[in-house]
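Student: Fold the following and give me the result.
(one chain, ligands or ions: 1)
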Amino acid sequence: MSLLELDDVKVHFPVRKGIIFDRTVGHVYAVDGVSLKVEAGQTYGLVGESGCGKTTLGRGVLRLVDITDGEVVFDGTDLAKLPEEEMRRYRRRLQMVFQDPLGSLNPRQNIESILSEGMAAHGIGKDQDERREKIKAILAKVGLPTNALSRYPHEFSGGQRQRIGIARALVLEPDVIICDEPVSALDVSVQAQVINLLEELQESLGLTYLVIAHDLAVVRHISDVIGVMYLGSLVEEAPSDALYAGPKHPYTKALMSAVPVPDPEVEDRRERILLQGDLPSPANPPTGCRFHTRCPWAQDKCAVERPVLTDVGDGHKVACHFAAEIEAGTIGMTRETGIEAVTRTEEVAAEGPDEPKAEVPAQASGKDASAAVAGDADTDEEPDGDGGDSDAAAASDEGTAEETAQATASTEDNAEAEADGPAADGDDAPQSDASVKESSTTA
Ligand SMILES: Nc1ncnc2c1ncn2[C@@H]1O[C@H](COP(=O)(O)OP(=O)(O)OP(=O)(O)O)[C@@H](O)[C@H]1O
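Tutor: Next up, the predicted model:
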């Protein structure tokens, strides 16, 4: 049995109308029948464009939103049916890391207070001294200096704040961490560092991850299995390599065709499938296959019959009536205009070839490290505050675990100097337009 198994999970939000005579006039079918398995010690990557229900599914697993129907079986227990009192015990074992580290950290609490809060609530550590020692050990593990304990969230850079978010989850000794867009708010070069940290922690602590992202490139780097979600349900699922080698669902093909080749020197001559129209409203989803209103290959049957996610071999599952025909080229496109040949050189020329590109750290840990930097990076990563973000501190987002440990030491050494130092310039500095453009993956 898998550590975490979702069976036909549905999360429907009622749409209400009226102030005096409040009534339900419909539902938002945010998650509408998702089944998936996350194996112990592995990473399941969940991708799909904004609004497809990824976050709601993650929150449903933790029962942060009510599950309308289905099972969420964690370690043999169906969480969906647990009384709230019992669910509290399981919450420690299933933790969440959020997209916006600053928004999820109370600005008025110092790091010790933020991290010890959950520990005290779950009875971890017999007193504050014991909790502090544990927090110090975890801070070192995530590459933050011990003096971070007495500092406040605004004193850290974006990458460091995400490390704090990860530390907050780790102090509770979880089995599963749900990472919701863990790097999408971070500067492009810091993204790879945080992804690498997550991988290192997984290896050393045996963690199991459900990683939610709109960016296929980020998920590819870290995932064993990837599920592609569209309008509340999975349209494709496969081992990471198989999905990249041969996406079978038209939606996945479109997503994949939008992932830029990370090396601007390499000409990208793939055809880019441009999806027409916006994501339909989950309050009023299309009949039949939910993707048929945008699918370049849609046939009459697709508007009527909803395809089931079916294993087509080696654990590669697809929910498309015509996946085999599309692959064999025996049916043609019904929306011819939805495709465009784009070459890498055109894109680079448009941005200006002389712009420096983001530095890609060399430390691949197994999977393609460069892929991890090919994500959205529209956030200015220049640290705020005037004291906490030193060069040394920024360096902790630049290197590997070993380098991070060194950076930690040097940060402590430089703590005094940092106090009134200028904003860091390392990898937390804003990126050039060119690097941002290169990273702009549309999901
Ligand atoms: N509490 C809620 N009440 C009503 N509708 C909701 C609620 N939470 C989410 N939704 C709707 O459910 C749908 C799925 O939202 P969700 O945030 O899960 O998508 P997502 O894929 O994670 O997108 P994003 O990456 O933008 O967060 C959206 O249409 C959203 O507006």
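Student: Please count neighbours and contacts with C-alpha atoms only from this point.
Tutor: Fine.
Student: strands paired with the helix or strand harbouring residue 8, and their directions?
Tutor: Following DSSP states H and E, the helix or strand that holds residue 8 is strand 4-17. Using DSSP bridges, the neighbouring strands of strand 4-17 in the sheet come out as strand 23-38 (antiparallel), strand 69-74 (antiparallel).
Student: Need the CA coordinates for the shortest one. PDB is fine.
Tutor: Taking Å, rounded to 0.1, in the frame of the first residue of the first chain, the C-alpha atoms of strand 69-74 are listed here in PDB:
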ATOM      1  CA  ASP A  69     -16.500  12.900  -1.500                       C
ATOM      2  CA  GLY A  70     -13.800  10.300  -1.900                       C
ATOM      3  CA  GLU A  71     -11.000   8.900   0.300                       C
ATOM      4  CA  VAL A  72      -7.700  10.300   1.400                       C
ATOM      5  CA  VAL A  73      -5.900   7.200   2.800                       C
ATOM      6  CA  PHE A  74      -2.700   8.100   4.700                       C
END
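Student: what lines up beside whichever helix or strand comes after it in the sheet?
Tutor: Per DSSP H and E, the first helix or strand lying C-terminal to strand 69-74 is strand 77-78. According to DSSP bridges, the neighbouring strands of strand 77-78, each with its direction, are strand 69-74 (antiparallel).
Student: Figure out how far the lengthiest helix in the chain is from the centre of its chain.
Tutor: Identified as the longest helix of the chain according to DSSP state H is helix 188-205. Between the mean C-alpha point of helix 188-205 and the mean C-alpha point of its chain there is a distance of 12 Å (Cα atoms, centre = their mean, to the nearest Å).
Student: for that helix, which positions count as buried?
Tutor: With burial defined by 16 or more other Cα atoms under 10 Å, the residues of helix 188-205 counted as buried are 188-202.
Student: and the strand holding residue 8, is it in reach of the ligand?
Tutor: Yes. Judged by Cα under 6 Å from any ligand atom, strand 4-17 comes into contact with the ligand at residue 13.
Student: Return the distance of that strand from the chain's centre.
Tutor: The gap between where strand 4-17 is centred and where its chain is centred comes out at 20 Å by Cα atoms, centre = their mean.
Student: how far away is the residue of the stretch 201-350 of the chain found nearest the ligand from residue 76?
Tutor: With distances taken as Cα to the nearest ligand atom, the stretch 201-350 of the chain approaches the ligand most closely at residue 282, which sits 5.5 Å away. Between residue 282 and residue 76 the distance is 31 Å, computed by Cα to Cα, to the nearest Å.
Student: one step back: sec struct for the residue of the stretch 201-350 of the chain closest to the ligand, please.
Tutor: When classified by DSSP: H, G, I helix; E, B strand; the rest coil, residue 282 comes out as coil.
Student: Looks like it contacts residue 30 (just checking).
Tutor: Yes. In this structure, residue 282 sits in contact with residue 30. The criterion is Cα atoms under 8 Å, and the distance is 6.0 Å.
Student: Next, show the common contact partners of these two.
Tutor: Residues touching both residue 282 and residue 30 comprise 52, 231, 232, with contact defined as Cα atoms under 8 Å, 6 or more residues apart in numbering.
Student: These into JSON lines, with extra columns for secondary structure and pLDDT?
Tutor: Listed next are the shared contacts of residue 282 and residue 30 as JSON lines, based on DSSP: H, G, I helix; E, B strand; the rest coil; pLDDT from 0 to 100:
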{"residue": "52", "secondary structure": "coil", "pLDDT": "94"}
{"residue": "231", "secondary structure": "coil", "pLDDT": "96"}
{"residue": "232", "secondary structure": "coil", "pLDDT": "96"}
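Student: show me which of these neighbour the ligand.
Tutor: Applying Cα under 6 Å from any ligand atom to these, one finds that residue 52 fall near the ligand.
Student: Just the closest of the shared contacts of residue 282 and residue 30 to residue 221, please.
Tutor: Looking at those and their distance to residue 221, the nearest is residue 52, at 21.5 Å (Cα to Cα).
Student: What is the burial count for that closest one?
Tutor: Residue 52 has 25 neighbouring residues, counting by other Cα atoms under 10 Å.
Student: Just give me the neighbour total for the closest residue to it other than its chain neighbours.
Tutor: Nearest residue to residue 52, sequence neighbours excluded (Cα to Cα, 6 or more residues apart in numbering): residue 231, at 4.4 Å. For residue 231, the count of nearby residues is 26 (other Cα under 10 Å).
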